[in-house]
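Trainee: For reference, the sequence and a predicted model appear below.
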Amino acid sequence: MSLRTKPKVRYAVVGLGYIAQVAVLPAFENAKDNSELVAFVSGDAVKRRRLGSRYQVVNTYLYKDYDALLESGEIDAVYIALPNSMHRDFTIRAARAGIDVLCEKPLAVTPEDCQEMIKACAENKVKLMTAYRLHFERANLDAVEIAHSGKLGELRIFNSIFGYQVKAGNIRTQKKMGGGANYGGGGGWIEGGGYLFRDEPLEVSAYTLQTDSRFQHVDAITSAMMLFPKNRIASFTCSFDSADVAMYSLLGTKGKLQVDMAYEYATKISLEVSIGERKQRRTYEKHDQFGAELVYFSNCVLNNRKPEPSGEEGLADVRIISAIYESARTGSPVRIQPLEKRTRPSRKQEISRPGIKEPSLVHAEPASKD
């Protein structure tokens with residue numbers, strides 16, 4: 001039986017860290033119409049045993065046995081929830097085995113790694129999707145519609161702040177794992193500015209800071225300012241050494257919008273639109289963004305459609321992340337090479353799944369400090 005006629009896509013989740021345990025694994029319940037969790041890959045025997053029992057998964061593999069899993073015939077796709085520096089290797093190996101790939105963001109740590117991943121998937125005719133879950137979230141899709149409705153006038157300024165306290169020793173503080181604030185938050189806020197402006201930046205100027213001993217080898221805070229076509233500008237700050245914040249605002253010549261808790265996946269999101277003296281505020285209940293992501297990708301696999309967000313979109317944002325680091329290193333603005341216009345999220349991609357209750361953790365902990 002060909003994959004296209006199968007009612008469900010069979011997944012292996014690769015990596016059983018915090019995000020996999022609190023968001024990815026439980027999301028399969030909300031995606032069960034077309035997605036099935038059938039395998040794990042982890043180096044931790046306790047995780048494999050206890051999570052296998054919790055989710056009734058009997059096919060559990062060590063990292064050294066990853067290739068055996070890929071060739072086993074047990075799976076159709078992998079969800080890669082590994083540290084950033086491991087995305088390239090595990091994606092390319094899956095592609096060469098004919099396995100479709102849904103990969104956490106950022107897609108990789110360098111544009112060259114992204115290009116190799118995209119090439120491997122194209123050559124082996126498998127799907128590659130960057131895990132940008134906000135492309136399916138109603139609050140953000142509403143913000144896109146308002147931005148391009150003309151109600152705000154001509155768009156001028158986008159500003160984003162995303163931050164929290166990261167524990168010492170967390171992988172986000174480790175350079176070899178692809179850590180650092182720019183990698184940790186860059187994909188999300190670059191994605192937000194790009195899809196609200198529906199354009200690519202021309203130039204970036206940036207600063208990075210290492211605030212204390214937790215961040216000896218990576219950036220604790222990154223701030224960047226980007227010039228966009230049509231007299232528009234975007235500024236971003238991502239911090240691993242601040243109070244919790246996750247918001248963006250968009251200012252036009254006639255009005256503004258602001259989204260609070262914009263990048264969060266386990267809380268309510270609010271959207272406020274101000275035009276003159278008039279203000280409208282809407283609160284969105286917590287949704288399972290990971291379940292929506294799985295439903296969408298499985299539909300792409302089953303119906304042979306190219307995902308949006310694709311691997312090319314992941315590459316475009318990693319190019320910007322790299323330019324931010326170069327600007328911070330050199331102290332000078334960095335021009336960003338023109339890119340073909342990419343597909344942007346649209347209302348037809350909205351998928352709503354009910355929020356989930358956070359499960360107990362097995363040998364994992366959140367990145368943030370108490």
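Mentor: Sure, I can see it. In this text, all values refer to a predicted model and were calculated from it rather than measured experimentally. Numbering: from 1, shown residues only.

Trainee: contacts, neighbours, all on C-alpha from now
Mentor: OK.

Trainee: Pretty sure Leu250 sits against Lys151.
Mentor: No. Counting by CA atoms under 8 Å, Leu250 sits too far from Lys151 to count as a contact (11.9 Å).

Trainee: higher neighbour count, those two?
Mentor: Legend: neighbour count by other CA atoms under 10 Å for Leu250 and Lys151, higher for Leu250 (23 against 18).

Trainee: okay, the more buried one: pLDDT?
Mentor: In this prediction, Leu250 carries a pLDDT score of 96.

Trainee: For Ala77, see how far away it is.
Mentor: Leu250 is 37 Å from Ala77, where distance means CA to CA, to the nearest Å.

Trainee: lowest average confidence, helix or strand, in this structure?
Mentor: The weakest-scoring helix or strand in the chain, judged by mean pLDDT, DSSP states H and E, is helix 181-197 (a mean of 75).

Trainee: Identify all contacting residues around the biggest helix by length in the chain.
Mentor: For the chain, the longest helix by residue count, based on DSSP state H, is helix 311-330. Among residues not part of helix 311-330, those counted as contacts by CA atoms under 8 Å, 6 or more residues apart in numbering are 105-111, 114-115, 117-118, 128-130, 182-183, 186-187, 190-191, 204-208, 224, 333-336, 339, 342.

Trainee: Let's see which of those end up in strands.
Mentor: Using DSSP state E, 128-130, 204-208, 224, 334-335 are the members of those that sit in strands.

Trainee: Now rank these by neighbours and give me the top one.
Mentor: Result: Leu128 is most packed of the ones in strands among the contacts of helix 311-330 (other CA under 10 Å), 30 neighbours.

Trainee: Would you map the helices across the stretch 251-370 of the chain?
Mentor: 289-302, 311-330 (DSSP state H, counting those that start in this stretch).

Trainee: Would you point to the one among the ones you listed that's packed deepest?
Mentor: Of those, the one with the most neighbours on average (mean count of other CA atoms under 10 Å) is helix 289-302, at a mean of 24.

Trainee: Let's see that one as CSV, backbone CA atoms only.
Mentor: Taking C-alpha atoms only, helix 289-302 is exported to CSV below (Å, rounded to 0.1, in the frame of the first residue of the first chain):
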residue,chain,number,x,y,z
GLN,A,289,-0.3,24.8,18.5
PHE,A,290,1.8,21.6,18.2
GLY,A,291,-1.3,19.5,17.5
ALA,A,292,-2.2,21.9,14.7
GLU,A,293,1.3,21.7,13.3
LEU,A,294,1.1,17.9,13.2
VAL,A,295,-2.3,17.9,11.5
TYR,A,296,-1.1,20.3,8.8
PHE,A,297,2.2,18.5,8.1
SER,A,298,0.5,15.1,7.9
ASN,A,299,-2.0,16.5,5.5
CYS,A,300,0.9,17.7,3.3
VAL,A,301,2.4,14.2,3.4
LEU,A,302,-0.8,12.4,2.7
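
Trainee: buried residues in stretch 349-357?
Mentor: 349-353, 355-356 (16 or more other CA atoms under 10 Å).

Trainee: In TSV, list the residues you listed along with pLDDT and distance to Tyr55.
Mentor: Below are those laid out as TSV (pLDDT from 0 to 100; distance: CA to CA, whole Å):
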residue	pLDDT	distance to Tyr55
Gln349	86	28
Glu350	86	27
Ile351	88	24
Ser352	90	22
Arg353	91	19
Gly355	91	18
Ile356	89	15
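
Trainee: Nearest to Val273 among those residues?
Mentor: Glu350 (20.5 Å; CA to CA).

Trainee: Help me confirm that that closest one comes into contact with Phe136.
Mentor: Yes. Between Glu350 and Phe136 there is a contact under CA under 8 Å: 4.5 Å.

Trainee: shaky segments in this protein?
Mentor: The chain contains residues with pLDDT under 70 at 1-6, 186-194, 341-342, 369-370.

Trainee: Kindly state the domain boundaries assigned to the chain.
Mentor: In the domain annotation for the chain, the residue ranges read 3-133+290-309, 138-285+318-335 (automatic domain parsing).

Trainee: The first one: how far from the chain's middle?
Mentor: Which is domain 3-133+290-309. Remark: domain 3-133+290-309 is offset 14 Å from the chain centroid, using CA atoms, centre = their mean, to the nearest Å.

Trainee: Likewise for the last one?
Mentor: Domain 138-285+318-335 sits 13 Å away from the centroid of its parent chain (CA atoms, centre = their mean).

Trainee: Endpoint to endpoint, it covers what distance?
Mentor: So domain 138-285+318-335: terminal residues 33 Å apart, CA to CA.

Trainee: Understood, closing this out.
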